[in-house]
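**Q** whatever this is, show me its structure:
(one chain, ligands or ions: 1)
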Amino acid sequence: MKRLSGKIAVVTGAAAGIGLVIAQEFAREGAHVYVTDVNGDGADAAAKDINAKGLSASSMAVDVSRGQDVTAMFQKVATEQAKIHVLVNNAGLNVRSDFRHLSDADWVKIREVNLDGVVRIARDGFDLLKAAGNGSLINVASIMGHRGLRQLAGYSATKGAVSALTRALAIEYAPFGIRVNSLAPGFIETALTDRFLRNPAIRKALLDQIAMRRFGDGLDVAGPALFLASDDSAYVTGAEIAVDGGMMAGL
Ligand code: NAI
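**A** From the prediction side, this is the model:
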């Protein structure tokens with residue numbers, strides 16, 4: 001028996017990286033997955049690939065920082081499915097900068113995707129999650145919401161807010177049968193971290209802080225995402241799972 005059979009899932013930022021693997025794994029577990037991304041061609045390709053395996057996906061170009069895109073996304077899902085069982089707020093980005101030099105434009109860019117997008121989707125997705133009867137909202141936060149690292153202060157501020165929002169929404173949404181949890185990845189090898197982790201000195205310094213002495217990959221995050229999406233976590237809400245190879249445990 002597949003763990004997400006008959007479920008409707010929506011994943012943002014799912015054309016690449018962690019979101020793509022989550023979408024693929026959800027589909028493999030029987031969900032129909034809406035693969036959404038600001039990169040519409042990438043989302044189309046990802047959905048095509050999932051369908052080619054005999055699984056089920058649709059795609060849509062959605063920039064989570066644009067209210068009209070998010071509205072259109074939920075309208076499409078409302079028309080086609082009338083409910084969402086699993087909604088994953090995964091889209092995110094970062095602009096590395098010393099905080100004292102962080103421009104207004106870069107701060108707004110980080111905040112509009114990592115926080116405003118998450119807020120908008122968590123708010124506007126409520127009716128469809130409620131309609132599912134046992135909805136699961138999963139926010140991709142970060143261990144950077146709980147610790148500092150040079151040139152990541154703006155990013156950290158948005159991710160800390162996502163963790164706080166998760167706890168607050170768990171309380172507000174529980175009476176409507178919606179669970180709200182977050183994942184806090186550590187260092188996962190994707191396009192987001194590629195340039196940073198290519199530096200041998202940085203690689204070594206970080207690996208020395210990770211109990212398991214390796215970086216994560218998309219599947220490492222998709223497993224816990226699947227747990228939070230499925231009925232295996234039916235009594236879990238307001239929780240955050242660190243997916244960091246023990247990095248936070250050692251601080
Ligand atoms: P990635 O850069 O590999 O992929 C991000 C995806 O989101 C891309 O397909 C991109 O087109 C899409 N995206 C960017 N802006 C968007 C927007 N405005 N609307 C819709 N889609 C948008 O990044 P990665 O590593 O897969 O990150 C996914 C999530 O995981 C992000 O929220 C990130 O902050 C978080 N995270 C990643 C960590 C890592 O080490 N890679 C660690 C902790 C958290």
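
**Q** part of a helix, is Pro224?
**A** Yes. Secondary structure of Pro224 (DSSP: H, G, I helix; E, B strand; the rest coil): part of a helix.

**Q** contacts only, for it.
**A** With contacts defined as Cβ atoms under 8 Å, 6 or more residues apart in numbering, the neighbours of Pro224 are 183, 241, 243. Glycine gets a C-beta too; all of them are placed from N, C-alpha and C.

**Q** ok, for it, nearest residue in space, not its chain neighbours?
**A** By the measure of Cβ to Cβ, 6 or more residues apart in numbering, the closest residue to Pro224 outside its immediate chain neighbours is Ile241, 4.8 Å from it.

**Q** what of Leu152?
**A** Leu152 sits nearest to Met144 (Cβ to Cβ, 6+ apart), 5.5 Å away.

**Q** what about the one you found, is that helix, strand or coil?
**A** Per three-state DSSP, Met144 ends up helix.

**Q** tally up the residues packed near it, please.
**A** Per other Cβ atoms under 10 Å, the neighbour tally for Met144 reads 21.

**Q** relative to the ligand, how far out is it?
**A** 7 Å (Cβ to the nearest ligand atom, to the nearest Å).

**Q** kindly state the beta-bridge partners for the residue nearest to Pro224.
**A** Counting by DSSP bridges, Ile241 forms beta bridges with Leu183.

**Q** now it: how far from Met144?
**A** The gap separating Ile241 from Met144 is 15 Å, by Cβ to Cβ, to the nearest Å.

**Q** ok, now Ile121?
**A** Ile121 is 20 Å from Met144, by Cβ to Cβ.

**Q** give me the helices and strands touching the one helix or strand in the chain whose mean pLDDT sits lowest, please.
**A** Every helix and strand of the chain was ranked by mean pLDDT, DSSP states H and E. The lowest is helix 191-197, at a mean of 94. Counting by 3 or more Cβ pairs under 8 Å, 6 or more residues apart in numbering; DSSP states H and E, the packing neighbours recorded for helix 191-197 are helix 200-207.

**Q** so what touches the helix it packs on?
**A** In contact with helix 200-207 (Cβ under 8 Å, 6+ apart) are residues 187, 196-197, 213-215.
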